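Visitor: 3D model of this:
(chains A and B)
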Amino acid sequence: MIAELGQFALVLAFCLCIPQAFFGLVGAHKGKVQWMLATRPAVAGQWVFTLLSFGCLAYSFYINDFSVLYVASNSNSALPTFYRFTAVWGAHEGSLLLWLLVTASWSVALAAFSKQLPLPFSSRVFGVLGIISAGFALFILTTSNPFERLIPAAVDGRDLNPLLQDFGLAVHPPILYTGWLGLSIPFAFAVATLIEGRLDVTWARWARPWTTLAWSFLTVGIALGSWWAYYELGWGGWWFWDPVENSSFMPWLLGTALFHSLAVTEKRGLFKSWTLLLAVSAFSLALLGGFLVRSGVLVSVHSFASDPNRGLFILGFLVICIGGSLGLYAWRAPSLRSNAGFAIVSRESFLLLNNVLLVAAAGLILVGTLYPLFLEALDMGRISVGPPYFATVFVIPMLPLVLLLAVGMHSSWKQARLESVKRPLLITFGIALVAGIAVPWIAYGTPGVLTVVGMVAGLWVVGSALIDPVSRLKSGHSLTPSILGMSVAHLGLGLFVIGVTGVESYKIERDLGLKPGETTNVAGYEFRFDSTRDFRGPNFDAVEGQVTISKDGKPVTVLHPQKRIYRVQTTPMTEAGIDASLGRDLFVALGEPLGQDAWSMRLQYKPLVRLIWGGCLVMAFGGLLAVSDRRHRVRVTKSADAPAASASASV
Amino acid sequence: MTPRRRRMALVALIVVGVGAAVAFALNAFQENLLYFYSTSDVAGGKAPPDRTIRIGGMVTLGSVQRQPGSLEVRFVLTDYAKDVTVSYSGVLPDLFREGQGVVARGKLVGDNLFVAEEVLAKHDEKYMPPEVADSLKKQHAGQKPSAAPLPSTTAAN
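Guide: Model (predicted):
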């Protein structure tokens, strides 16, 4: 009964998307106020019914209703309650329902916090969002219904994929989806702007906080995925350039470019059409990523199932969304002209370079991701592009980006006079140079050229990000959340760069066979394999090893890596033992028995790896700080129609 | 400089930068293309030696050999027509087992011996790498219907 209720609620939610799209777009076109006024209630209704539908599915999981096919395929009566809830998005159908819920939640949040937007504009925005929601809802109803019944009901379920029975992966999808579907908001703003043919740039001011918010979620979501891959896949890597990772990372790069470009458009009225194009492409790439993952075109840990109908549906939807918005762009953009100039050394130039480099990186990653698919489609053989390609093409644009950033964040609009910050910049560079060579040398060993470059760049960004807040605090000037947010986010990026440099330069990974009682030395740490014992978990059996780690005779830690076999699916899983600290991680994973009591083991030493995820969290926190700035809420009403270029020079 | 010149300078700078980046990228791209070969390709001498490639197939039942206590492991990959022996030293993935489809990345070192740097098996019981499924299908299609039976897992793909 509950499942039918969920299905019914989903149908109702779909039915409400249609008037939302129709009244929003047509009402605004015809200028019918009554029609336009109907969009917000439609958004609210759509959200309520989607939430109800999602709740019904969650409830079916909670009560172990194995007469629902999706529940029977992805849950089990022995599954702990927390994972029964997170199993809702553990496979294709439920993930899509979560997409719909997230999209609806963004729409309803926008409806709640955008009362000051002009009615025709907001109706168009909701109209566009309605089309997106309708597409997702129709997709679920026609190709991937999570409420399908299984008759006769299964006695017990086939259990959730053991890889997903983990906290990191339980929270990774909702946050990631919140991020990438949040890009639908700037997309809708851009499309509504293009439909209206608005020549001003007020849309950029409205879109900025939403874009930054979505970007913050996306940052955290990607970082969570990376963290999970590190400890759960048993390999100890933090990024694999897997096509699915790429398809969440490319929208992140474009999203980053977008909110920098939005700043220029809002403050200076420049890059108008470029910003629109970025807003359209960021979400288009996100949709393309969804298509690649969900249609089964890409095979990786993330793809659940391949069904050609699903692929065709998403392809059609992609053509409508991307083709429609790009067509609209081609039609409208030529009428947008920017006539303000800027000097070669100015914040505008720095942000332009930022955009060029970010988009170039995204483009190169896109080529590497899609090229194998093209060749395969043309039946020209199967190839894959190795991770070194991605690492190379990513580092090439990112290095100048990071160095330019250290200077660029202190430049002012129009014409930057860098004399005033020359001294602090040089001082921080000097400190970064000394520390970037000395610290890794003393702490981790002789640094290579790339290590020094990475460390100095990262430290310089950190130092440079601190200049502004410190000088403002000293001189008693106020520090608005948006300025502080910018500094914090850049500081996070600096930490991230330091972390990546540290791990990639000094990591030690060793596979070897050990017998109980044997010891081995990795990076000055002595790993002693003590013993193994059997371990019984709630829904798995495991062999648990004990590895004692000591340094210079002093005990450091005792790790207990496990090799688990989940009972229902009889899938083996490696649960690594990790000793985490800011300076380094020690990582032990059990491989397989080698005979004679020996086990193959993977021992790793990962310096500074925590800074990678920590840096991302700091970045996202910076984004949230910037969003919290009251200026985003107050000014909108006051100067909704004022020319944007007159705004003050602060970001 | 006039604004126009300044803009030209900026554009020139960007063009040079992008050009250099593209040159680097193309180079990296060329070097990192990994071609996939089936075991029949390898046995038939179609795969280049001493170049990193990927090969895929099913792990032949009973073929996994290990020196007790050693990390060194050898197994035979097959597409039910031709076999290739793979040698690997390291921790095998969780789902590696006999009768399962796997993809190995490494180099061919003559005499039908493939030295793998990495062995991939996916985290799914029903999974078969699409490359493997493909090459098995091709092999199957080229043979008489009475040829070696494909495991049921191929049907799922």
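Visitor: For the most centrally placed residue in chain B, give the beta-bridge partners.
Guide: The C-alpha lying nearest the average C-alpha coordinate of chain B belongs to B:Arg54 (Cα atoms, centre = their mean; 2.3 Å). On the basis of DSSP bridges, B:Arg54 takes part in beta bridges with B:Phe36, B:Arg105.
Visitor: Per-residue pLDDT of it, please?
Guide: The per-residue pLDDT reported for B:Arg54 equals 88.
Visitor: In contact with it, which residues are there?
Guide: Under the criterion of Cβ atoms under 8 Å, 6 or more residues apart in numbering or on different chains, the contact list for B:Arg54 reads A:Ser384, B:Leu34, B:Tyr35, B:Phe36, B:Tyr37, B:Val103, B:Ala104, B:Arg105, B:Glu131. Any C-beta I mention is one placed from the backbone N, CA and C, and that applies to glycine too.
Visitor: hmm, 10 Å instead?
Guide: Taking Cβ atoms under 10 Å, 6 or more residues apart in numbering or on different chains as the definition of contact, the neighbours of B:Arg54 are A:382-384, A:386, B:34-37, B:47, B:103-106, B:116, B:118, B:120, B:129, B:131.
Visitor: just A:Ser114 next, same as before
Guide: With contacts defined as Cβ under 10 Å, 6+ apart, A:Ser114 is in contact with A:Arg40, A:Phe121, A:Ser122, A:Val125, A:Phe126, A:Ile185, A:Phe189, A:Trp206, A:Trp210, A:Val636.
Visitor: So, low pLDDT: which residues of the stretch 451-600 of chain A?
Guide: Residues of the stretch 451-600 of chain A that meet the criterion pLDDT under 70 are absent altogether.
Visitor: same question, chain B
Guide: With pLDDT under 70 as the threshold, chain B has low-confidence stretches at B:1, B:122-157.
Visitor: switch to 50 and redo it
Guide: Residue ranges of chain B with pLDDT under 50: B:123-127, B:143-157.
Visitor: which residues in it form helices?
Guide: Using DSSP state H, the helices of chain B run over residues B:3-31, B:39-43, B:130-141, B:152-156.
Visitor: Averaged pLDDT, stretch A:277-293. What do you get?
Guide: The predicted model assigns stretch A:277-293 a mean pLDDT of 87.
Visitor: what distance separates it from the centre of its chain?
Guide: 13 Å (Cα atoms, centre = their mean, to the nearest Å).
Visitor: can I get the CA coordinates of it in PDB?
Guide: Backbone C-alpha positions of stretch A:277-293 (Å, rounded to 0.1, in the frame of the first residue of the first chain) are rendered in PDB as follows:
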ATOM      1  CA  LEU A 277      27.500  30.500 -21.700                       C
ATOM      2  CA  LEU A 278      29.300  29.200 -18.600                       C
ATOM      3  CA  ALA A 279      26.100  28.900 -16.600                       C
ATOM      4  CA  VAL A 280      24.500  26.900 -19.400                       C
ATOM      5  CA  SER A 281      27.600  24.700 -20.000                       C
ATOM      6  CA  ALA A 282      28.200  24.000 -16.300                       C
ATOM      7  CA  PHE A 283      24.800  22.400 -15.900                       C
ATOM      8  CA  SER A 284      24.900  20.800 -19.400                       C
ATOM      9  CA  LEU A 285      28.100  19.100 -18.400                       C
ATOM     10  CA  ALA A 286      26.500  18.000 -15.200                       C
ATOM     11  CA  LEU A 287      23.700  16.500 -17.100                       C
ATOM     12  CA  LEU A 288      26.100  14.900 -19.600                       C
ATOM     13  CA  GLY A 289      27.900  13.400 -16.600                       C
ATOM     14  CA  GLY A 290      24.600  12.000 -15.300                       C
ATOM     15  CA  PHE A 291      24.000  10.600 -18.700                       C
ATOM     16  CA  LEU A 292      27.400   8.900 -18.900                       C
ATOM     17  CA  VAL A 293      27.000   7.400 -15.400                       C
END
